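Asks: Just to be clear, the model below is a prediction. Sequence and coordinates:
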There are 2 protein chains.
Amino acid sequence: MKVFSIYGYTQSGKTTIAETMIAELAKRRYSVGSIKEIHFEEFNIDTPGSNTDRHRNAGASPVTARGHDETDVMYPVKLSLPDILKHYSNEYVVCEGVTDYNLPKIIAASSVEDLEKRWEQGIFAVSGRVAEILGDEYRGVPVINVLEEPARLADLVVEKVFDLLPDVNEKCCNQCGYGCRGLTDKILAGEATRNDCIQKTSSVKLFINGKEIGMVPFVEEILRNACTGVVSTLEGYSENSSIEIKID
Amino acid sequence: MKVFSIYGYTQSGKTTIAETMIAELAKRRYSVGSIKEIHFEEFNIDTPGSNTDRHRNAGASPVTARGHDETDVMYPVKLSLPDILKHYSNEYVVCEGVTDYNLPKIIAASSVEDLEKRWEQGIFAVSGRVAEILGDEYRGVPVINVLEEPARLADLVVEKVFDLLPDVNEKCCNQCGYGCRGLTDKILAGEATRNDCIQKTSSVKLFINGKEIGMVPFVEEILRNACTGVVSTLEGYSENSSIEIKID
């Protein structure tokens, strides 16, 4: 799953970039999901006093509103990005305003001053209103006016954005030598690849009571062989099939 | 996961029953989720023109709004009950107005006439406004006024509601001999148990390329032993732990 974020101050053009990228990627037949970060403390999508609001106030979590052609699963907490992404099986997820996770980013700004204030690692494009007054590049990053060249920005997304990396503390894992955010920058600069993260080759995931359990490569290999050994004899299996086993 | 529904015409007292059961079950330290069916064609939780609405119109699905203390995952389709329940890991899920799946049900009504019109299989309690004018039982089912005896209705929920049954065509599976809805009635009447459904004993689930693969008990046993054999040596495992393995 390829996930990226568009961030910057309000009124910098974030939503226009997000909706244009969603539409461009969908036009290219990718399945696209999106996440919008809402920096408004009183945000509450439900109407106070509605039936679902009464469910929530009574203590239900999550509460789902299931309408005629819409289903809304509502959690009364701010979920982490990985927890939100558990709901997603899209090829691309476009995030707007999400800055608390290691993602490749498009920065949107109205002015060079704002651009400087919000500049951080992981940026692969500059867009928003500031694109009208800048040249082709800023700090070595392409500047693209999404209103004039939507397809070119989408091309850059497809070229640059890679499968979601983790975002762990360097003390927990620094196998690539750069840290997760450092590796993001290296990949965007063409100096490393997504394969440099062990999470790519680590294709066996194990959860005990819902909690992911890390395995050293040796144990992982044993578990993989034990499972594929049994499953490979069953109809429906071919080499490189994905396997999921749940034991309760 | 124990799932039940409260159904009946509008203004019959459904939401009051739902919120009272949510609160009563939560008070008993169960984790409770809920689902509200909205029979209003134009229902749309989002505000037209909002940023998330723009994401949706551009083609994103799902769209998540992530606020300060709320996260809403919005799908532009009516999801099936099993698809909604994939988001849930609660002990109880209280549904309001859901009638398209095989669930034990509380019927809410304002009058005996309405009760008769909406009567169907799977009912284990009568409540709502009609409870004020009825005796202790109706058609052999307890009548409970939720405003006067909320704890008694919750007791009945805890006594009667069982782990979610499937709702498949009898041509696909009729191992219990009653069909899924027939088994629901038999369990509620105390003439069968949840164990009479093979889905209870089948605690190993296998998916190849995302598709569930049925297994005869012998193969299931081999797969279970192969997996638990490896996993049981790892830290975090204890007997009866749930295990999930994903191999890509």
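Replies: Arrived safely.
Asks: Any figure for the gap between the nearest residue to A:Glu24 once chain neighbours are set aside and A:Val143?
Replies: Leaving aside its chain neighbours, A:Glu24 sits nearest to A:Ala154 (3.6 Å; criterion: C-beta to C-beta, 6 or more residues apart in numbering or on different chains). Bear in mind the C-beta positions are built from the backbone N, C-alpha and C, glycine included. For A:Ala154, the distance to A:Val143 equals 15 Å [C-beta to C-beta, to the nearest Å].
Asks: quick one: low-confidence ranges for chain A?
Replies: A:199-202, A:216-218 (pLDDT under 70).
Asks: cutoff 50 now
Replies: Applying pLDDT under 50 to chain A flags no residue at all.
Asks: what does the domain assignment say about it?
Replies: A:2-160, A:202-248 (automatic domain parsing).
Asks: Do me a favour and get the end-to-end distance for the longest one?
Replies: Spelled out, it's domain A:2-160. Domain A:2-160 has an end-to-end distance of 10 Å (criterion: C-alpha to C-alpha, to the nearest Å).
Asks: quick revisit: mind giving me a markdown table with the domains of chain A and columns for mean neighbour count?
Replies: Below are the domains of chain A laid out as a markdown table (neighbours: other C-beta atoms under 10 Å in any protein chain shown):
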| stretch | mean neighbour count |
| --- | --- |
| domain A:2-160 | 19 |
| domain A:202-248 | 15 |
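Asks: Please identify which helix or strand holds the residue nearest to A:Glu24.
Replies: Using DSSP states H and E, A:Ala154 sits within helix A:150-160.
Asks: any idea where the strands of chain A begin and end?
Replies: A:2-7, A:32-37, A:63-66, A:71-75, A:92-96, A:105-108, A:123-127, A:137-138, A:141-142, A:204-208, A:211-213, A:243-247 (DSSP state E).
Asks: before we move on, back to that, roughly how far does the residue nearest to A:Glu24 sit from B:Thr15?
Replies: A:Ala154 is 45 Å from B:Thr15, by C-beta to C-beta.
Asks: ok, now A:Cys180?
Replies: 46 Å.
Asks: Check the gap between A:Ser80 and B:Asp46 for me.
Replies: 23 Å.
Asks: what residues are up against the closest residue in space to A:Asp196 that isn't next to it in sequence?
Replies: In this structure, A:Asp196 finds its nearest non-sequential neighbour in A:Cys176, 4.6 Å apart by C-beta to C-beta, 6+ apart. Residues near A:Cys176 by C-beta atoms under 8 Å, 6 or more residues apart in numbering or on different chains: A:182-183, A:192, A:196-198.
Asks: JSON lines for those, including neighbour count?
Replies: What follows is those, written out as JSON lines (neighbours: other C-beta under 10 Å):
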{"residue": "A:Gly182", "neighbour count": "17"}
{"residue": "A:Leu183", "neighbour count": "24"}
{"residue": "A:Ala192", "neighbour count": "18"}
{"residue": "A:Asp196", "neighbour count": "17"}
{"residue": "A:Cys197", "neighbour count": "22"}
{"residue": "A:Ile198", "neighbour count": "12"}
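Asks: Now, the residues you listed that are in helices?
Replies: A:182-183, A:198 (DSSP state H).
Asks: which one of those sits closest to B:Ser127?
Replies: A:Ile198 (55.9 Å; C-beta to C-beta).
Asks: so A:Arg118 makes contact with A:Ser110?
Replies: No: judged on C-beta atoms under 8 Å, A:Arg118 makes no contact with A:Ser110 at a distance of 10.8 Å.
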